[in-house]
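>>> quick one, structure for this:
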Amino acid sequence: MELRQLRYFLSVVEHGSMGKAALELGVVTSALSQQISRLEGELSTRLLQRTSGGVVPTDAGLAFWRQAQLALRHVDDAARAARSARLSGHVSVGMAPSTASVMGVEFMQAMRSRYPDVRLHMVESLSGNLASMLSARQIDLAVLFREAPAQRWSVQPLLDERLFLIGAGDLEGMPANKSIRLKHLGKLPLVLPSGSHGLRSLLLSAFRRAEYEPNIVAEVDGLALLMDFVRAGIGATIQPGAALARPENRTLKSVPVAEKYATRPNMLASISDDELSPAGLAARVVLADVARRLVDEGRWPGARLRVPQPSQTVKTS
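This is a model prediction of the structure:
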């Protein structure tokens, strides 16, 4: 198998046409078709399906396309690193909104300082979406809150976040205590993420253990809008301390949730070590270092570091 064949295949999939791909690559269509046929022969499987409108990848072709993208990206990164004689390339990192609010800028600055030639692509999305992107090799690593089925992941515990009841100081029903048990929230109106959100699943489990029926007045699946509702006095919310990181939220009152099981685990997940590029490996180390520093400096409210463990590979059962 030649790198040229991989590049040819990716171009055909991108354009959906042998003719358009050949034009971009500067080769004749027959030569391009011959190389694709050789590739399919070597793999003993059909990668492309010819249609009246062009070509589309088969299921095998789609799986091969994802891995071919990754392989060529690593080759290009290696070539750039060799030319510059220092670490280069690019890496994509996913963070949930709450995580990004407390460490997104710090991580970017640390990467620029240590590895100025590494191009960083940041993705902010819900943890479940990031897990899906990681499984599809659309991102290299992410901070996740629970494990999800994946082909091959390297996972290491990062930290645990204590949950806080957060609300406007004049919201009726906000407790004056130094901490609050869930069963003592009474009819306090709550604004929470919907059932598809990982935090909501954690909270529902905690509510059941506390034998408490919450008074949920609104469901919001975006942290910025959710905190807008809280600042407007529509209700209180239960979030990790990272939700208070942005300046506009620091005027809100926060009360730690007393239950020890009401914590959110954070894990650093990446594609497997044998797939992760040198830039990705470096970014993983920097991300863990930044998290550790923020906790040590007291800049990540309610966070407690996990004892570092060797990376472990998680496979689909």
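>>> how about the nearest residue to Glu275 once chain neighbours are set aside, secondary structure?
Leaving aside its sequence neighbours, Glu275 sits nearest to Leu70 (Cβ to Cβ, 6 or more residues apart in numbering; 6.5 Å). Quick note: C-beta positions are derived from backbone N, CA and C, even for glycine. Classification of Leu70 by DSSP: H, G, I helix; E, B strand; the rest coil places it in helix.
>>> and the pLDDT at Asp76?
With respect to pLDDT, Asp76 has a value of 78.
>>> quickly find the element holding it.
Using DSSP states H and E, the element containing Asp76 is helix 59-84.
>>> report the buried residues of that helix.
Residues of helix 59-84 classed as buried under the neighbour-count rule (16 or more other Cβ atoms under 10 Å) are 61, 64-65, 68, 70, 73-74, 77, 80-81.
>>> just the CA coordinates for whatever helix or strand comes next after that helix, please, in PDB.
Sequence order places strand 89-95 as the next helix or strand after helix 59-84, per DSSP H and E. Provided in PDB are the C-alpha atoms of strand 89-95 (Å, rounded to 0.1, in the frame of the first residue of the first chain):
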ATOM      1  CA  GLY A  89       1.800  19.100  13.800                       C
ATOM      2  CA  HIS A  90      -1.800  19.600  15.000                       C
ATOM      3  CA  VAL A  91      -4.000  18.200  17.700                       C
ATOM      4  CA  SER A  92      -7.800  18.500  18.400                       C
ATOM      5  CA  VAL A  93      -9.000  18.600  22.000                       C
ATOM      6  CA  GLY A  94     -12.600  18.500  23.200                       C
ATOM      7  CA  MET A  95     -14.000  20.100  26.400                       C
END
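>>> tell me where this structure has helices.
Per DSSP state H, the chain carries helices over the ranges 3-15, 18-25, 29-43, 59-84, 97-114, 127-135, 198-210, 223-231, 278-296.
>>> which of the residues in the third one are buried?
The one in question is helix 29-43. Across helix 29-43, burial judged by 16+ other Cβ under 10 Å covers 32-33, 35-36, 39-40.
>>> show me what the helix holding Asp76 is packed up against.
When contacts are defined as 3 or more Cβ pairs under 8 Å, 6 or more residues apart in numbering; DSSP states H and E, helix 59-84 packs onto helix 3-15, strand 89-95, helix 278-296.
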